[in-house]
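Participant: What follows is a predicted protein model with its sequence.
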Protein chains: 2
Amino acid sequence: MALIVQKYGGSSLHDGDAIQNVARRIARTQNQGDKVVATVSAMGNTTDELISLARSVSTEPHPRELDLLLSTGELVSCTLLAMGLRSMGLNAVSLSGAQAGIHTNAKFGNAKIQSVEPTRIIQDLDNGNIVIVAGFQGITDDMNVTTLGRGASDITAVALSAALNADRCEIYTDVAGIYTADPRLVPKAQKLNEVGFEEMLELASYGAKMAPRSIELGMVYDIPILVASSLNDEPGTLIHRGAEMSNSIGEIRNRVRGVATDINVTKITLLGIPNRPGSEADVFEPLADADISVDVIVQSTVVDGHTDLTFTIKGTDKERALAVMTKISQEIGACGVTAADGLAKVSIVGSGMQDAPGYASRMFRALADAEISIDVITTSEIRITCVIDACDIKKAAQAIHSAFLVESTE
Amino acid sequence: MALIVQKYGGSSLHDGDAIQNVARRIARTQNQGDKVVATVSAMGNTTDELISLARSVSTEPHPRELDLLLSTGELVSCTLLAMGLRSMGLNAVSLSGAQAGIHTNAKFGNAKIQSVEPTRIIQDLDNGNIVIVAGFQGITDDMNVTTLGRGASDITAVALSAALNADRCEIYTDVAGIYTADPRLVPKAQKLNEVGFEEMLELASYGAKMAPRSIELGMVYDIPILVASSLNDEPGTLIHRGAEMSNSIGEIRNRVRGVATDINVTKITLLGIPNRPGSEADVFEPLADADISVDVIVQSTVVDGHTDLTFTIKGTDKERALAVMTKISQEIGACGVTAADGLAKVSIVGSGMQDAPGYASRMFRALADAEISIDVITTSEIRITCVIDACDIKKAAQAIHSAFLVESTE
């Protein structure tokens, strides 16, 4: 008898019929002889609706209050799912994050799970119940309800899998799995049967939909994660440690696992920074304090004791980042700040790239053949990223996909 | 510095503007130098909407799951109210029933408060916060969320007042207070400035809107309860122990406090019951087991070893009560069961009536002059009730009101 943790996203739970469909899928898993713990997101657009309610009473809703408010969305979907299962004659119990023993720090809106004490879940499982846990939420030591950030029900699912030592974590969503590229940009993209954790981490960080922290957790605790559709029985994509190894025996063409894209990119450049130890920290600490995520960072070679520093951020953070940087620029004696938006990132990702040469040059050639200018280049062990004009993203993704990946003939 | 517990009903919190209006009222109370704990119902029709969601996945939603679902309605309104107060620059904290220390038994859907442990509320008050508590909910010793029954935020308010030893409990609603009769039936009804607990209990049981259990609690703990409108600054009605005493010095006309009405009444009669000890218990125990509330009970004199037993129930319970009674009738050897619906109750209520004669005859005369037939009559120490045809309720209420009460000249 295996223990399976499943997660169902909001688009799989948008109304009563959809919830009953999910209940039938869970029932089928139990009928196969497995124990099931399922965690859920809020129904459809509930979270956005609650945020707009909060905005109707406060221009800047207090974070603690907002978290308690938002946590109700997942309570609604998990109780409805438990009712749906019970109306099919099955034993099911819904639990809030607090009841499920999900303890977090007190960073409201973006709390981190610190521990999971699954005593109650285990007890309810042992009593023959399917256990439904409200995703996206936890509780602090002071009994304050927290939320884990947007899309964080994935994190709940993987953390529960780790705490319960589950045999598998299954993430059900409205897409069939992980693709070699975003199918909206690259129609010839193919669904992957498997992908490694690190590869998935790079893919997720660069556009594909799964909370990066959930993949890190899966990697640390070595929990195989299946990503599949809640609407059909297609096999989906298995994220697991074995995928990296199986990759290395393939031909060079297959060492690139996928093409990641991100179109909401703004570039900020600090010009003429006097070069001294600590100047980088002076720049990035205030950004971190302002909760602005910095992505690509490139610093040019020092010339005449001065250097230029470029980094990318989300387009929505532009105004706040510029305000912070204008202040910092004066404090550290830089020459000035420039910003450019309307940019995009395109990356190739694959663990097989790290000990095989020639990927970068082939990627740059593919872009050159498509007459696309490259702005910034950055690499990690298993990823090569180019920042380009957002207008070119479709053409770029297709050119790179053709150069590295087997394409769908549909 | 007084401690005031306030309660705001769902119609006072139906949207963002209404919530901000309530926030301003709470702020004003605090500005007067008082500490404030406020408890809230769910916004507008939220509870009904959640119930219909539950019905979309289950014809008979599981009570434990339904309670956790319904509890979200009050979490939404209490967090929004706290946000509204914070956006005005005030310190405010919202608490779920569990966080507020409201412990109940495990009777889901209709749980009873067993204790209130207000440690957290007191701590938040001492830290200078306005404390907003989700009404209508509590938690069991097993950490399961319960609800206290429809309209039970009143109970939360009075229970909190008792536990905190509050100076006053204020119930804000969409009406201006307690009236001498339902103004929709009797346009000349007047708002009462004060009313006694027992009188209010009879008025509430017979139609006026306040959970009877909340008034019982107020009576036991001697907590003055103000019922007033959340939309204006009219003084409202004070429910307090002193009202009974002040009543007895008034003229006879004023010993009747009000006219209570209830139009959703069904009468069930068991005919020809063999008279033996225990036959009444045989009838009413199965009704209690079926959770059917019985109101007026009248048993006629025994003739030839047989008697007839008549009782009234809510119209909505008719089919279930008839099914139970048909079975019981056979078991106890009665001649048969009859039911009549389309009935109404009209009552006069007043603590001054108990030691003054003549009220019953004046009430019957008023009904006779209005050419209204009386079906069943029943009395308590401070109430006289007649069951009449529902079609006559308006005419009856007006006739009785004119006979006993000072009328509005508007």
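Facilitator: Thanks, I have the structure now.
Participant: now the nearest residue to A:Gly333 once chain neighbours are set aside: how far from A:Ser52?
Facilitator: Distances taken as Cβ to Cβ, 6 or more residues apart in numbering or on different chains place A:Pro274 nearest to A:Gly333, at 5.2 Å, with adjacent residues excluded. For the C-beta atoms, the positions are set from N, CA and C on the backbone; glycine is no exception. Per Cβ to Cβ, to the nearest Å, A:Pro274 is found 46 Å from A:Ser52.
Participant: Now for A:Ser77, how many residues are close by?
Facilitator: The tally of other residues near A:Ser77 (other Cβ atoms under 10 Å in any protein chain shown) stands at 31.
Participant: Now name the helix or strand holding it.
Facilitator: Using DSSP states H and E, A:Ser77 sits in helix A:63-87.
Participant: how far out from the middle of the chain is the following helix or strand past that helix?
Facilitator: Sequence-wise, the next helix or strand downstream of helix A:63-87 (DSSP H and E) is strand A:92-95. Offset of strand A:92-95 from its chain centre (Cα atoms, centre = their mean, to the nearest Å): 27 Å.
Participant: export stretch A:309-322 as PDB, just CAs?
Facilitator: Output of stretch A:309-322 as PDB, limited to C-alpha atoms (Å, rounded to 0.1, in the frame of the first residue of the first chain):
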ATOM      1  CA  LEU A 309      26.600  46.700 -13.300                       C
ATOM      2  CA  THR A 310      23.600  45.400 -15.100                       C
ATOM      3  CA  PHE A 311      20.800  43.300 -13.600                       C
ATOM      4  CA  THR A 312      17.300  42.300 -14.600                       C
ATOM      5  CA  ILE A 313      14.100  42.400 -12.600                       C
ATOM      6  CA  LYS A 314      10.400  41.800 -13.200                       C
ATOM      7  CA  GLY A 315       8.800  44.600 -15.200                       C
ATOM      8  CA  THR A 316       6.300  45.200 -12.400                       C
ATOM      9  CA  ASP A 317       9.200  46.100 -10.000                       C
ATOM     10  CA  LYS A 318      10.700  48.800 -12.300                       C
ATOM     11  CA  GLU A 319       9.500  52.000 -10.600                       C
ATOM     12  CA  ARG A 320      10.400  50.700  -7.100                       C
ATOM     13  CA  ALA A 321      13.800  49.500  -8.300                       C
ATOM     14  CA  LEU A 322      14.600  52.700 -10.000                       C
END
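Participant: pull the longest strand from chain A.
Facilitator: Looking across chain A with DSSP state E, the single longest strand is strand A:258-274.
Participant: so what strands line up beside it?
Facilitator: strand A:306-314 (antiparallel), strand A:336-349 (antiparallel) (DSSP bridges).
Participant: quick one: A:Asp182 and A:Asp295, what's the gap?
Facilitator: Counting by Cβ to Cβ - A:Asp182 and A:Asp295 are separated by 17 Å.
Participant: Could you list the low-pLDDT ranges of the stretch 301-410 of chain A?
Facilitator: Within the stretch 301-410 of chain A, the stretches with pLDDT under 70 are A:354-356, A:410.
Participant: Mind doing that once more with 90?
Facilitator: The model of the stretch 301-410 of chain A has pLDDT under 90 over residues A:301-310, A:314-316, A:332, A:350-362, A:375-384, A:405-410.
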